[in-house]
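K.L.:
Turn this into a model:
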Amino acid sequence: MERAYIGLGSNLAEPAEQLRQALAALQQLPRTCLAAVSSFYVSDSLLPGQPRYSNAVAALDTELQPLQLLDALQAIELDQGRERVERWGPRTLDLDILLFGQRLIDEPRLRVPHYQMHLRAFVLYPLAEIAADLELPDGRPLGELLAACPFEGLERLTP
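P.N.:
Okay, the predicted model is just below:
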């Protein structure tokens, strides 16, 4: 089994409830165990004029291959009403593979580590909550990324 970290986000249709439903769906994935879940956080949208996001990070131990996991995550998004209309637009649910073991993946459908995770406090702080001593595939400690990404615009909702 490999440990994968999944970023969860929603800013439509009761976002915190969308995250709870997604976590329940993650628990049902084949050959996969939900190992840890961060607190929920609220963050500003990347684009002005959109509702705020609810965010979290989940750790999965899985026997699925990365693209199999991606397909499963996209199926969960669709089940929860995700429509891919606008890049960084509002969404009922966004599930991103942030890390997959120590793998470096660069495929047309999937880049791991997630290509912008180092810039996103709404990813890094929840990730640090469940994997404080994490080292990225390039050898950088998660703490180094946190030091360069201030806790601004975030509100922690649940312990």
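K.L.:
use CA for all of it now, contacts and neighbours both
P.N.:
Will do.
K.L.:
now the helices for this protein?
P.N.:
15-27, 66-79, 121-130, 142-147 (DSSP state H).
K.L.:
Tell me the buried residues in the last one?
P.N.:
Neighbour-count burial for helix 142-147, counted by 16 or more other CA atoms under 10 Å, picks out 142-143, 145-146.
K.L.:
any idea how far Gly139 is from Leu104?
P.N.:
Remark: distance between Gly139 and Leu104 (CA to CA, to the nearest Å) = 12 Å.
K.L.:
Also Ser38?
P.N.:
24 Å.
K.L.:
just Asp133 next, same as before
P.N.:
Distance from Asp133 to Leu104, by CA to CA: 19 Å.
K.L.:
and these two? which has more neighbours close in?
P.N.:
The residue with more neighbours, out of Asp133 and Leu104, is Leu104; 15 against 11, by other CA atoms under 10 Å.
K.L.:
Kindly provide the distance from the more buried one to Ala128.
P.N.:
From Leu104 to Ala128 the distance is 20 Å (CA to CA).
K.L.:
Surely Ala132 touches Leu142?
P.N.:
Yes. Between Ala132 and Leu142 a contact is recorded at 7.1 Å, counting by CA atoms under 8 Å.
K.L.:
in this protein, which segments are predicted with low confidence?
P.N.:
Residues of the chain meeting the criterion pLDDT under 70: 82-89, 158-159.
K.L.:
any idea where the strands of this structure begin and end?
P.N.:
For the chain, the strands defined by DSSP state E cover 2-10, 32-37, 41-43, 53-62, 94-100, 105-107, 110-112, 154-156.
K.L.:
Direction included, what does the first one pair against?
P.N.:
So the one you mean is strand 2-10. strand 53-62 (antiparallel), strand 94-100 (antiparallel) (DSSP bridges).
K.L.:
Contacts for it, please.
P.N.:
15-16, 18-19, 53-63, 90-101, 123, 127 (CA atoms under 8 Å, 6 or more residues apart in numbering).
K.L.:
Next: the third one.
P.N.:
For strand 41-43, contacts defined as CA under 8 Å, 6+ apart pick out 52-56, 122, 126, 153-158.
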